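J.: the sequence isn't on hand, but the structure is:
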């Protein structure tokens, strides 16, 4: 089955970035010169996915507007002769087809994915979290897409994390069946110290068969009344194969303040115009601190 759609949950309140996110969606916080959500959508587009399903909530209209056509802005840029900016703004609105579905209550990632069921139907799809930026020569979503074409089973992206950070993630235990590919035996959500020997942490890229929806409907709410996607994946694992893929690339947790700053530094250094001057600035700052 060919994957044509990606679900991007953006309904969260962004409490880790308050007060900045009091009036601005956290997904619209900029990294250098573009919002975080644009990096996510660009990865999806570069992977050959044709449609994005945004799971939104109240106060998130700015995200939809960012990918929409803006007659006033484009007219202004054209009149001022700002051709480069006009071209970039037009490219954003032409990136991809966007469908929005409202999540009326914050009932967890699993619940957010359930909201996309009527749009996804009986086709496989991606779930791509807006907090996780992955920098790689081959887009992470594309890597997983090619693996799905071989396995025809659901896949979660994983990376190795330090032992002292294992408790912060959903952790995978499994058998390595080929380099970087694991058949999942067990999923543990934020394990307590000593409860697992694995450090394979699930990050925000999921390639899912439509059977996940049935598993989500059978998943009972946990702490805070939230439906966890990890719990539904555990059910799915018992009914058919589930794989974990140790992707090629570097991941930044842009939903964390330190991770956001790290991502900003990385993309600033890679920027074609700002990279050189910014590198000199950092070198000067470091020399003053040493």
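T.: Sure thing, it's come through. Here the structure is a predicted model, which means the values were calculated and not measured.
J.: now the closest residue to residue 240 other than its chain neighbours: how far from residue 170?
T.: The shortest distance from residue 240 to any non-neighbouring residue, by CB to CB, 6 or more residues apart in numbering, is to residue 153 (6.5 Å). For every residue, glycine as well, the C-beta is placed using N, CA and C. In this view, residue 153 and residue 170 are 18 Å apart by CB to CB, to the nearest Å.
J.: tell me who's in contact with the residue nearest to residue 240.
T.: Taking CB atoms under 8 Å, 6 or more residues apart in numbering, we find residue 153 in contact with 209, 240-243.
J.: could you do residue 16 as well?
T.: 26, 255-257.
J.: which residues sit against the lowest-mean-pLDDT helix or strand in the chain?
T.: None of the helices or strands of the chain scores lower by mean pLDDT, DSSP states H and E than helix 83-93, at a mean of 74. With contacts defined as CB under 8 Å, 6+ apart, helix 83-93 is touched by 38, 66-70, 73-74, 77-78.
J.: and for stretch 1-8?
T.: Here stretch 1-8 has contacts from 37, 40-41, 44, 49-55, 112-113, 116, 119-120, 123-130, 141, 145, 148, 152, 207, using CB under 8 Å, 6+ apart.
J.: narrow the residues you listed to those in strands?
T.: Judged by DSSP state E, strands contain the following of the contacts of stretch 1-8: 51-55, 125-128, 207.
J.: of the residues you listed, closest to residue 234?
T.: In terms of CB to CB, no member of the ones in strands among the contacts of stretch 1-8 lies closer to residue 234 than residue 127, at 15.9 Å.
J.: what about that closest one, distance to residue 5?
T.: Going from residue 127 to residue 5 by CB to CB gives 10 Å.
J.: low-confidence regions, the stretch 101-250 of the chain specifically.
T.: Across the stretch 101-250 of the chain, the ranges flagged by pLDDT under 70 are 223.
J.: can you give me the strands for the stretch 101-250 of the chain?
T.: 125-128, 132-135, 154-160, 170-178, 181-189, 200-208, 242-246, 250-253 (DSSP state E, counting those that start in this stretch).
J.: distance of the residue lying closest to residue 210 once chain neighbours are set aside from residue 1?
T.: The spatial neighbour of residue 210 that comes closest, neighbours along the chain excluded (CB to CB, 6+ apart), is residue 122 at 4.8 Å. Relative to residue 1, residue 122 is positioned 9 Å away (CB to CB).
J.: ok, now residue 220?
T.: Here the criterion is CB to CB. By it, residue 220 lies 29 Å from residue 1.
J.: which one of the two has more residues nearby?
T.: Between residue 220 and residue 1, counted using other CB atoms under 10 Å, residue 1 has the larger neighbour count: 12 against 7.
J.: from residue 23, how far out is residue 139?
T.: Relative to residue 23, and taking CB to CB, residue 139 is found at 32 Å.
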